[in-house]
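S.K.: Take a look and give me a structure for this.
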Amino acid sequence: MYLCSLFLGKSKEAEIKRINKELANIRSKFKGDKALDGYSKKKYVCKLLFIFLLGHDIDFGHMEAVNLLSSNRYTEKQIGYLFISVLVNSNSELIRLINNAIKNDLASRNPTFMGLALHCIANVGSREMAEAFAGEIPKILVAGDTMDSVKQSAALCLLRLYRTSPDLVPMGDWTSRVVHLLNDQHLGVVTAATSLITTLAQKNPEEFKTSVSLAVSRLSRIVTSASTDLQDYTYYFVPAPWLSVKLLRLLQCYPPPEDPAVRGRLTECLETILNKAQEPPKSKKVQHSNAKNAVLFEAISLIIHHDSEPNLLVRACNQLGQFLQHRETNLRYLALESMCTLASSEFSHEAVKTHIETVTNALKTERDVSVRQRAVDLLYAMCDRSNAQQIVAEMLSYLETADYSIREEIVLKVAILAEKYAVDYTWYVDTILNLIRIAGDYVSEEVWYRVIQIVINRDDVQGYAAKTVFEALQAPACHENLVKVGGYILGEFGNLIAGDPRSSPLIQFNLLHSKFHLCSVPTRALLLSTYIKFVNLFPEVKTTIQDVLRSDSQLKNADVELQQRAVEYLRLSTVASTDILATVLEEMPPFPERESSILAKLKKKKGPSTVTDLEEAKRERSADVNGGPEPAPASASTMSTPSPSADLLGLGAAPPAPTGPPPSSGGLLVDVFSDSPSAVAPLAPGSEDNFARFVCKNNGVLFENQLLQIGLKSEFRQNLGRMFIFYGNKTSTQFLSFTPTLICSDDLRANLSLQTKPVDPTVDGGAQVQQVVNIECVSDFTEAPVLNIQFRYGGTFQNVSVKLPITLNKFFQPTEMASQDFFQRWKQLSSPQQEVQNIFKAKHPMDTEITKAKIIGFGSALLEEVDPNPANFVGAGIIHTKTTQIGCLLRLEPNLQAQMYRLTLRTSKETVSQRLCELLSEQF
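M.R.: Numbering: from 1, shown residues only. Predicted coordinates for the structure are as follows:
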């Protein structure tokens, strides 16, 4: 009746009046001479709680609620804990009394009272409670006589305290015992323990690595069970979906299991989950499909995280492809998002590309803007040289109708792709000008600066660029960015098209000047600079330009910058001789190559850098299997193809890397961080295995322990390469004196030139830093450089060494050959010094698709229908070094019955044949 009376008030004023009357009554009861019994106290505290939940302030009754905690009645104790959880703050004077009551309940061994106490600790979650109970709760969790319901509550309570105050939760003997809760018979305990272990393992992976095998075992039992086996935890015919998802997330905290048995069992689990996804649904209820898909997507996330099973990666891609046309919007979104990550894997990239038509169709027809944005992301991720022009065209087409919120991001992506995969730079110029026409307001300075840099750095495109911008400027309405590009390019290269009467010097000047009064001050300043350039290029228009500069609108302009330019340029054109003009206004020199401001801007839009950016290194695929554009610095004498990591006009970038070989000291190739490095540590455990995995791939995680994660993203073209090394701090503590050093032998230093850029000596907790290594293959080599990292963590000196996967095959360029040409060349390389052959036992399953992927990843072209035996694999390519080019032919003959291979390499140089044979043999 009390609650009804509050809700049945005729007005807000009537409700407040009724509440104030009730508060006065409760206050008088608490202050009265007559002591209240437990029931009355509980009733009035409950009323206060309800009034508070209605939005009214409560400033009394706290002590009465604390008194209820000492009651032996469940309902009274429950109301007391509920009131405290909602109304008592962490600074209250009553916290000590509350903590004492909680300690008494935890010590009572009454499971009901213990549960209430643990819930209260978790709900309040204050630092004071963490200090009081962080040492006690783990004991309750691992105690043998603790009931299952209390274990669940204890695990979740400890998780809450760890999230709020991780420094107050001590790691001790209990950590090894809590892992074994994954084997508990009660699935509720297992679910709660999995949540706790996952969070703890993210910060302390080494202490909980034994959980991997137990998690795989438990997952195996769940996915292979029938829905009737786990009746209490089966949700719409899906056995224990929440626990399955949590176990899969726990496994994503670690690399693939090293134990073959555990790894095989995990692979079986993932295959089973993928198989079940193909089965007809057992219920038409949406809850069934939601639970089933939740497990499926988490399994796919684990497959992507491991990035080690080609069959699973391709199957995952095919499964996601089925969701791209699903009627449920959320499934389409998740499928696109997961496929973006799959596109980074060498094994599944080709499978992702098969869905390009579906993705482009989604871009045109999808109603949800978030799904369209994911479709743009996927097109960007799946782009390579084979489909770049198609994808860029589709993105430009979509840009005309795209939502304003994502236009700038699309513009950046189109600009990056157009440059990265431009084989013909006339296409690049056309694309960027089209980009400015369609979405000029969203074309940032970084983009149009970049066009100018490329045109200046490439002689072969300058005339075409001048002609194209001249034609584009003839449109009645031009975007201001187009005027900027046109003014700059015509000022530098207008002379290349001046021979055509339709683009004579005077016509060029009049065309640009017709846009002058419609532009902003910065653009006008640029055009004035173009005019003075014209005075040097075209003496016949000098008088016309001087008249413009002499006009009152220029010499008396209200803007100081424009006025100063007009005065100085007029004076320069009047008093300077022809030679002085030619010297002062000579053509701009080539721009040096620097870090990409376009890429930096795109990453900034995606959010700040964290350790998870190491995974982003996988998503940034190189142009083809062996890399992208040439990363060599540009110079006046040798124009190089600008790389996607080049800056525009030097804005905000570091100085260009030195072009000469770096100084060396003893066995050190590069030591750019310290004067006297400590002794180099031996190679870290597993370094050789990780090194072998990178022979046929360029991106991924090279090394990982509980403190440090090292990720790589590499790109190679001909004899040049660039490697991005990401150092991630997995802890919450800073790394100090962080010193990466590259180490080479004298022989390797003579054959492989490496240049590095400095790294910040301080790496904040949870952050990552990037180091760029520019690579040049001078001659063939057999060794690999060693990366040594030294730093201080919590006062302790750390020293880690790993082999850097720079191998001879990285400088492979694939070569397509017809059957007749292949065997003709094969016979020419028949001398004993040119051939190396190895017969060896297969170390991995002999799968045809995996073998093809590895040969392509190795760098050679895979030649189909060349060998008379269709079971054999043949490849061809050219090793590029600075001094020479070495043709290479390979033939791999599998014997399925004997589980053996015969690998034959023929090249024009014996040492190259030997090294390539060694590297490729280890992959099978």
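
S.K.: Can you give me the separation between P685 and E704?
M.R.: Going from P685 to E704 by Cβ to Cβ, to the nearest Å gives 12 Å. Where you see a C-beta, it was placed from the backbone N, CA and C, and this is true even at glycine.

S.K.: ugh, wrong one, L68
M.R.: For L68 relative to E704 (Cβ to Cβ), the value is 51 Å.

S.K.: between those two, which one's more packed in?
M.R.: More neighbours surround L68 than the other of L68 and E704, with 24 against 19 (other Cβ atoms under 10 Å).

S.K.: Quick one: low-confidence residue ranges for the stretch 701-850 of the chain.
M.R.: Within the stretch 701-850 of the chain, no stretch has pLDDT under 70.

S.K.: where do the helices sit along it?
M.R.: 746-751, 819-828, 848-858 (DSSP state H, counting those that start in this stretch).

S.K.: Looking at those, which is nearest to S244?
M.R.: helix 848-858 (27.6 Å; Cβ to Cβ).

S.K.: on contacts alone, who are the packing partners of the closest one?
M.R.: Applying 3 or more Cβ pairs under 8 Å, 6 or more residues apart in numbering; DSSP states H and E, one finds that helix 848-858 contacts helix 310-323, strand 861-862, strand 873-880, strand 885-895, helix 910-921.

S.K.: Alpha carbons of that helix, as CSV, please.
M.R.: Taking Å, rounded to 0.1, in the frame of the first residue of the first chain, the C-alpha atoms of helix 848-858 are listed here in CSV:
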residue,chain,number,x,y,z
THR,A,848,48.2,-29.0,-52.0
GLU,A,849,46.7,-25.6,-51.2
ILE,A,850,49.1,-25.0,-48.3
THR,A,851,52.0,-26.0,-50.5
LYS,A,852,50.9,-23.5,-53.2
ALA,A,853,50.5,-20.7,-50.7
LYS,A,854,54.0,-21.4,-49.3
ILE,A,855,55.7,-21.3,-52.7
ILE,A,856,54.0,-18.1,-53.6
GLY,A,857,54.9,-16.7,-50.1
PHE,A,858,58.5,-17.7,-50.7
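
S.K.: Spell out the residue ranges of the helices in the stretch 1-150 of the chain.
M.R.: So, for the stretch 1-150 of the chain - with DSSP H, counting those that start in this stretch - the helices run 2-7, 12-31, 38-53, 62-68, 74-87, 95-107, 111-124, 127-133, 137-142, 148-164.

S.K.: Please identify the most buried of the helices of the stretch 701-850 of the chain.
M.R.: helix 848-858 (a mean of 19; mean count of other Cβ atoms under 10 Å).

S.K.: and for that one, what are the contacting residues?
M.R.: With contacts defined as Cβ atoms under 8 Å, 6 or more residues apart in numbering, helix 848-858 is touched by 310-311, 314, 346-347, 625, 695-697, 809, 812, 814, 844, 862, 873, 875, 890, 892, 894, 919-920, 923-924.

S.K.: Distance from stretch 285-300 to the middle of the chain?
M.R.: How far stretch 285-300 lies from its chain's middle: 25 Å, per Cα atoms, centre = their mean, to the nearest Å.

S.K.: just use 25 as the starting number from now, easier for me
M.R.: Done: numbering now begins at 25, and the last item shifts to stretch 309-324.

S.K.: Pick the most buried one from the helices and strands packed on helix 872-882.
M.R.: Most buried among those, given mean count of other Cβ under 10 Å as the contact rule, is strand 897-904, at a mean of 23.

S.K.: where does this protein dip in pLDDT?
M.R.: Looking at the chain by pLDDT under 70, you get 25-34, 114-115, 250-253, 617-704.

S.K.: which ones are touching A340?
M.R.: Taking Cβ under 8 Å, 6+ apart, one finds 298, 323-324, 327-328, 362, 366, 372 in contact with A340.

S.K.: same question, T820
M.R.: Per Cβ under 8 Å, 6+ apart, neighbours of T820: none.

S.K.: Also the one 5 residues further on?
M.R.: Contacts for S825 were tallied using Cβ under 8 Å, 6+ apart; they are 704-708, 711, 767, 810-813.

S.K.: Make a markdown table from these and add neighbour count and distance to A922 to it.
M.R.: Converted to a markdown table, the contacts of S825 look like this (neighbours: other Cβ atoms under 10 Å; distance: Cβ to Cβ, whole Å):
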| residue | neighbour count | distance to A922 |
| --- | --- | --- |
| V704 | 16 | 43 |
| A705 | 15 | 42 |
| P706 | 9 | 37 |
| L707 | 15 | 34 |
| A708 | 20 | 36 |
| S711 | 19 | 32 |
| I767 | 20 | 41 |
| V810 | 22 | 37 |
| L811 | 24 | 39 |
| N812 | 22 | 42 |
| I813 | 22 | 44 |
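
S.K.: Could you single out the nearest of those to W451?
M.R.: For the contacts of S825, the nearest to W451 is L811 (38.2 Å; Cβ to Cβ).

S.K.: shouldn't that closest one be in contact with T763?
M.R.: No. L811 is not in contact with T763 according to Cβ atoms under 8 Å; the separation is 11.2 Å.

S.K.: coming back round to it: got TSV for the helices of the stretch 25-174 of the chain, with distance to E390 too?
M.R.: Shown next, in TSV, are the helices of the stretch 25-174 of the chain (distance: least, Cβ to Cβ, whole Å):
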stretch	distance to E390
helix 26-31	45
helix 36-55	46
helix 62-77	42
helix 86-92	53
helix 98-111	44
helix 119-131	53
helix 135-148	42
helix 151-157	47
helix 161-166	47
helix 172-188	37
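
S.K.: Nearest to L579, out of these?
M.R.: helix 172-188 (67.5 Å).

S.K.: in what helix or strand does the closest residue to L336 other than its chain neighbours lie?
M.R.: Sequence neighbours aside, I327 is the residue nearest to L336 in space, at 4.7 Å (criterion: Cβ to Cβ, 6 or more residues apart in numbering). Remark: I327 resides in helix 310-330, with elements defined by DSSP states H and E.

S.K.: tell me which strands and helices that helix is in contact with?
M.R.: Against helix 310-330 (3+ Cβ pairs under 8 Å, 6+ apart) you get strand 262-263, helix 265-275, helix 284-302, helix 334-347, helix 353-366.

S.K.: what angle sits between the fourth one and helix 310-330?
M.R.: An angle of 140 degrees separates the directions of helix 334-347 and helix 310-330 when computed by axes from the mean of the first three to the mean of the last three Cα atoms, to 10 degrees.

S.K.: do the second one as well
M.R.: Computed by the same axes, to 10 degrees, the angle separating helix 265-275 from helix 310-330 equals 10 degrees.

S.K.: hmm, back to that, okay if I get the helices and strands packed on helix 310-330 as CSV plus distance to N207?
M.R.: Listed next are those as CSV, based on distance: least, Cβ to Cβ, whole Å:
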stretch, distance to N207
strand 262-263, 17
helix 265-275, 12
helix 284-302, 15
helix 334-347, 26
helix 353-366, 31
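
S.K.: for these, which one sits closest to Q758?
M.R.: Across the helices and strands packed on helix 310-330 (criterion: Cβ to Cβ), the nearest stretch is helix 265-275, sitting at 27.6 Å.

S.K.: tell me which strands and helices that closest one is in contact with?
M.R.: Short answer (3+ Cβ pairs under 8 Å, 6+ apart): helix 265-275 packs on helix 211-227, helix 235-247, helix 310-330.

S.K.: Check which element follows the shortest one along the chain.
M.R.: For helix 235-247, the following helix or strand on the C-terminal side (DSSP H and E) is strand 258-259.

S.K.: quick one: that next one to chain centroid distance?
M.R.: With Cα atoms, centre = their mean, you get 35 Å for strand 258-259.

S.K.: Equivalent analysis for stretch 304-317, please.
M.R.: 32 Å.

S.K.: got a list of contacts for it?
M.R.: Taking Cβ under 8 Å, 6+ apart as the rule, stretch 304-317 contacts 251, 259-262, 265, 300-301, 355, 358.
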